[in-house]
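**Student:** let's see this in three dimensions:
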Amino acid sequence: MKQVVQNYKSGELAVLDVPVPGCKPGGVLVRTAYSLISTGTEMMKVSEAGMSMLGKARSRPDQVAKVMQSVATNGVPATYRKVMGKLDSYTPLGYSLCGIVEQVGAGIDDVKVGDLVACAGNEHALHAELNWVPKNLYAPLPEGLAPRHAAFGTVGSIALQGVRQGEPQLGESALVIGLGLIGQLVVQLLTASGVRVVGVDPDPSRCELAEGQGAVACGDPESAAVESAVAELTDGHGVDQVYLAAGGGSNGPVELAARLCRDRGRVVDIGKCRLDLPWNAYYEKELDVRFSRSYGPGRYDPEYELEGRDYPIGYVRWTERRNLACFLDLVARGKVDVEPLVSHVADFDDAVETYQKLKDGDLKAVAVLFRYPEQSGAAEPETSAVTVPAVPAAPGKRRPTKSPVRLAFIGAGNYATSMLLPHLAQREGVELATVVTTTALSGANAQRKFGFAKATTDLDAVLGDDSVDAVFVVTRHSSHADLTRKALHAGKAVFVEKPLALSEDELASVLTAVEESGNDRLQVGFNRRFAPLLREAQGRFGTRTGPAHLRYLVNAGRLDHGSWYLQQGSEGSRFAGEGGHFIDTASWLLDADPVSVYATASAGNDDLQVVLRYPDGSTATISYVTSGPAAFPKETLDLVADGKALRLDDFVRASVYSPKRWVSSRLPKARDKGQSAELAAFVRAVRTGGPMPVPLKSLAATTAATLAVRTGLASGAPVTLAEAR
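**Tutor:** The predicted structure follows:
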């Protein structure tokens, strides 16, 4: 299928061929009829992409701060790969469309194939021929509503949520600053609510358009006509509400709002304009400044948007989806008229030319629609259920020496594209065969950047491909065990990122798959034991005879709001996802698997103390904290035994104190946490049929110990670990 994309590094716009998205449970696959260009939000994104690197940095100081923090934590090379990987990728455009339901996922019963729906979301309602849309981000069309008008659903919901934040009442007056697409819709919604509206915009044609849709008067912000109109309309008191629907770097809209709003009036920010509030003006009038968050309650909540968990109507009357349905109803009943706002309708194939005309100013428009070609055939069903019979690979089977190892990736997110694929793409004797993703564009990006022969959303096809030697599972944590089990049954060698499992049942299912298939070719991404600096320090430390005591401080830091790591209901706790790294490292250094786990935590389980006991009496204490300072190193480790000590400082420096002291180079080095060496060892094992880099017993023991932390926290007592199969 085709999709409109942009490269944020170069600014290039393209209509790209990408895989058809799969129809996952909890949503529908929609074939687009019309999609709407947001001439404000989207064109701002297009313009930013055309800036220099310095210009991009100046426009997004929040992202610059994140980059600097990443440099402090991960080092320059890893941060550079991550940042450039994001910049030099195709990103999607669009967030408002109308289309026809082509497939219905499991759990959906409110629409059927052939129904028309309006769709929302900058990850789901894209300028693409097909989109998968979760339940709470679509709404069926009321009878008689034209699809081209329903394509306004998302921007209409944004305007509607802004108006709700202003709490307009019959007979009140309002000022709308900025008469672009959102501002025009706000004018109509306020007028329909019985509010008298004055509009402000420097473009005379937009002022004329707003007056035609019900505004009492409109004018340039610099003219005295606007102030005169407000004074006449309100008997000199000022308007009850001001809606900021403007963009740009000028502080004029905020200052104008204070000047023309009445005492104790309401100012609602809908757009993205400068908000340097003049303190005296806002204080003296005691103005109520409010923000409108996009389409309404539910926005940015993954449980609402992705998992379909609705908010009870008795507590949240107007959610994203209910706002979307309400706006569609208003348009269908003629209370809002979007047709006058349609400046241009372009064929989807002409998308790049249309964007360029908008950017260059050759096309003056309030709203532009893309019209998609009629499609008669239905897409082939895309499911995630594997029907491949179990054909176990014979352990120890040697490949032809000169035959490349053919790899498939399931998932192509940040970690895969910044920490794994760069090490594999140029490795001799490796062929990147197929990348499988749930979103079409991420697969296309990985194919373009790393040279995969094929990108697809069809998991079955990959697992059933006899030419694929090994599968990398680099998806969200909740899917690791299931995908690993399926790949083992398909006879593939498997590299799965940590964690291997999120529960004892999941771990048991993976081990059962090994037994049933006879395929034990499994590696979990515990990379720290392969870190060159740590390995050198271990060699300098030498063998030991008595018990050892290990202390591992992990300064994990706070997660950003919205991180999927916070979805503990579906993705497990943060320690369940990451803790295996540190347990594996400790067990490797102590050359044994733990026999018991004791865990204690602060309120909320954010900061953990985990004590591991080993067969020879050795202990390892892992302090996993989120409350430490960001500038402090993430990982520090001390090992003491037999009168010797080893210290590792965040994979930058190491030292060993013994009769002959050793300290690593003082010259700053990039943090190498072992991914390259780990991948080399895995590929070598697949090629030669030799043992996997880490024994299966150790992988299982580390996973069991990680899971035991949760059990120990609940019971408050040590947990004895049974020997894994």
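
**Student:** state the helix or strand in which the nearest residue to Leu637 once chain neighbours are set aside lies.
**Tutor:** Leaving aside its sequence neighbours, Leu637 sits nearest to Leu648 (Cβ to Cβ, 6 or more residues apart in numbering; 4.3 Å). For the C-beta atoms, the positions are set from N, CA and C on the backbone; glycine is no exception. Assigned by DSSP states H and E, Leu648 belongs to strand 644-649.

**Student:** my read is that the residue nearest to Leu637 contacts Val656, right?
**Tutor:** No. Using Cβ atoms under 8 Å as the test, Leu648 is too far from Val656 to be in contact (10.0 Å).

**Student:** mind checking which of those two has more residues around it?
**Tutor:** More crowded of Leu648 and Val656, by other Cβ atoms under 10 Å: Leu648, with 25 against 21.

**Student:** on that earlier part again, quick check: neighbours shared by Leu648 and Val656?
**Tutor:** Shared contacts of Leu648 and Val656, defined by Cβ atoms under 8 Å, 6 or more residues apart in numbering, are found at Ala537.

**Student:** any weak-confidence spans in the stretch 401-550 of the chain?
**Tutor:** 401-402 (pLDDT under 70).

**Student:** all strands of it, in order?
**Tutor:** Along the stretch 401-550 of the chain, counting by DSSP state E, counting those that start in this stretch, strands occupy 405-410, 430-436, 454-456, 470-473, 493-496, 522-524, 549-555.

**Student:** what's the third one packed up against?
**Tutor:** Under the contact definition 3 or more Cβ pairs under 8 Å, 6 or more residues apart in numbering; DSSP states H and E, strand 454-456 sits against strand 430-436, helix 440-450.

**Student:** would you reformat the strands of the stretch 401-550 of the chain as CSV and include mean neighbour count?
**Tutor:** Below are those laid out as CSV (neighbours: other Cβ atoms under 10 Å):
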stretch, mean neighbour count
strand 405-410, 25
strand 430-436, 23
strand 454-456, 20
strand 470-473, 26
strand 493-496, 26
strand 522-524, 25
strand 549-555, 20
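
**Student:** related to what we said a few turns ago, for Ser10, find the nearest of the helices and strands packed on strand 454-456.
**Tutor:** helix 440-450 (12.7 Å; Cβ to Cβ).

**Student:** off-centre distance for the longest strand seen in the chain?
**Tutor:** As assigned by DSSP state E, the longest strand anywhere in the chain is strand 27-38. Per Cα atoms, centre = their mean, to the nearest Å, the displacement of strand 27-38 from the mean C-alpha position of its chain is 20 Å.

**Student:** for that strand, list every residue counted as buried.
**Tutor:** 27-38 (16 or more other Cβ atoms under 10 Å).

**Student:** ditto for stretch 497-506
**Tutor:** 497-502, 506.

**Student:** how about the helices in the stretch 51-200 of the chain?
**Tutor:** Secondary structure of the stretch 51-200 of the chain (DSSP state H, counting those that start in this stretch): helices located at 53-59, 61-74, 76-87, 147-150, 153-166, 181-192.

**Student:** still on that earlier bit, Throw the helices and strands packed on strand 454-456 into CSV and include distance to Asp469, thanks.
**Tutor:** Conversion of these to CSV gives the following (distance: least, Cβ to Cβ, whole Å):
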stretch, distance to Asp469
strand 430-436, 9
helix 440-450, 17
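
**Student:** quick one: which of these is nearest Glu339?
**Tutor:** helix 440-450 (31.7 Å).

**Student:** which other helices and strands contact the closest one?
**Tutor:** Partner elements for helix 440-450 (3+ Cβ pairs under 8 Å, 6+ apart): strand 2-7, strand 13-17, strand 90-92, helix 421-425, strand 430-436, strand 454-456.

**Student:** again, 6 Å this time
**Tutor:** In terms of contacts (3 or more Cβ pairs under 6 Å, 6 or more residues apart in numbering; DSSP states H and E), helix 440-450 is packed against strand 430-436, strand 454-456.

**Student:** so what touches the last one?
**Tutor:** In this structure, residues lying in contact with strand 454-456 by Cβ atoms under 6 Å, 6 or more residues apart in numbering are 19, 434-436, 443-444, 447.

**Student:** ok, now the longest one?
**Tutor:** Surrounding strand 430-436, the residues in contact under the criterion Cβ under 6 Å, 6+ apart are 404-410, 412, 424, 443, 446, 450-456, 459, 462, 468, 683.

**Student:** kindly recompute the last result at 7 Å.
**Tutor:** Residues outside strand 430-436 that contact it (Cβ atoms under 7 Å, 6 or more residues apart in numbering): 404-410, 412, 424-425, 443, 446-447, 450-457, 459, 462, 467-468, 683.

**Student:** tell me the contacts of Ala125?
**Tutor:** Here Ala125 is in contact with 94-97, 119, 131, 133, 154 (Cβ under 7 Å, 6+ apart).

**Student:** picking that back up, adding distance to Arg322, write the helices and strands packed on helix 440-450 out as a markdown table.
**Tutor:** Putting the helices and strands packed on helix 440-450 into a markdown table (distance: least, Cβ to Cβ, whole Å) gives the following:
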| stretch | distance to Arg322 |
| --- | --- |
| strand 430-436 | 35 |
| strand 454-456 | 36 |
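
**Student:** looking at those, which is closest to Phe530?
**Tutor:** Per Cβ to Cβ, nearest to Phe530 of those: strand 430-436, 17.2 Å.

**Student:** in its sheet, what does the closest one sit against?
**Tutor:** Counting by DSSP bridges, the strands paired with strand 430-436 are strand 405-410 (parallel), strand 454-456 (parallel).

**Student:** so can I have JSON lines of those showing distance to Gly180?
**Tutor:** Shown next, in JSON lines, are the strands paired with strand 430-436 (distance: least, Cβ to Cβ, whole Å):
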{"stretch": "strand 405-410", "distance to Gly180": "42"}
{"stretch": "strand 454-456", "distance to Gly180": "36"}
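
**Student:** for Val338, which of those is the nearest?
**Tutor:** That would be strand 454-456 among those, by Cβ to Cβ, at 36.5 Å.

**Student:** any idea how far Lys135 is from Gly105?
**Tutor:** Distance, Gly105 to Lys135, by Cβ to Cβ, to the nearest Å: 9 Å.

**Student:** and the helix ranked longest in the chain, average pLDDT?
**Tutor:** Counting residues, the longest helix in the chain under DSSP state H turns out to be helix 696-715. What helix 696-715 shows for mean pLDDT is 95.

**Student:** going forward, the N-terminal residue is numbered 20.
**Tutor:** Let's use 20 as the start, then, which means that last one is helix 715-734.

**Student:** buried residues, it. List them.
**Tutor:** Those would be 715, 717-729, 731-732, for helix 715-734 by 16+ other Cβ under 10 Å.

**Student:** now swap in stretch 294-302 and tell me
**Tutor:** 296, 301.

**Student:** other residues contacting it?
**Tutor:** Looking at what lies outside stretch 294-302 - Cβ under 7 Å, 6+ apart - the contacts are 270, 273-274, 277, 288.

**Student:** on that earlier part again, the residue nearest to Leu656 pairs with what?
**Tutor:** Those that pair with Leu667 in a beta bridge, by DSSP bridges, are Leu656, Ala673.

**Student:** dump the residue contacts of it.
**Tutor:** 553, 556, 655-656, 673.

**Student:** I'd like those residues as TSV, with neighbour count appended.
**Tutor:** TSV is the format used below for the contacts of Leu667 (neighbours: other Cβ under 10 Å):
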residue	neighbour count
Leu553	22
Ala556	23
Thr655	16
Leu656	25
Ala673	24
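
**Student:** related to what we said a few turns ago, dump the strands of the stretch 420-569 of the chain into TSV; add distance to Leu325 as well.
**Tutor:** Formatted as TSV, the strands of the stretch 420-569 of the chain follow (distance: least, Cβ to Cβ, whole Å):
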stretch	distance to Leu325
strand 424-429	19
strand 449-455	19
strand 473-475	22
strand 489-492	20
strand 512-515	22
strand 541-543	26
strand 568-574	29
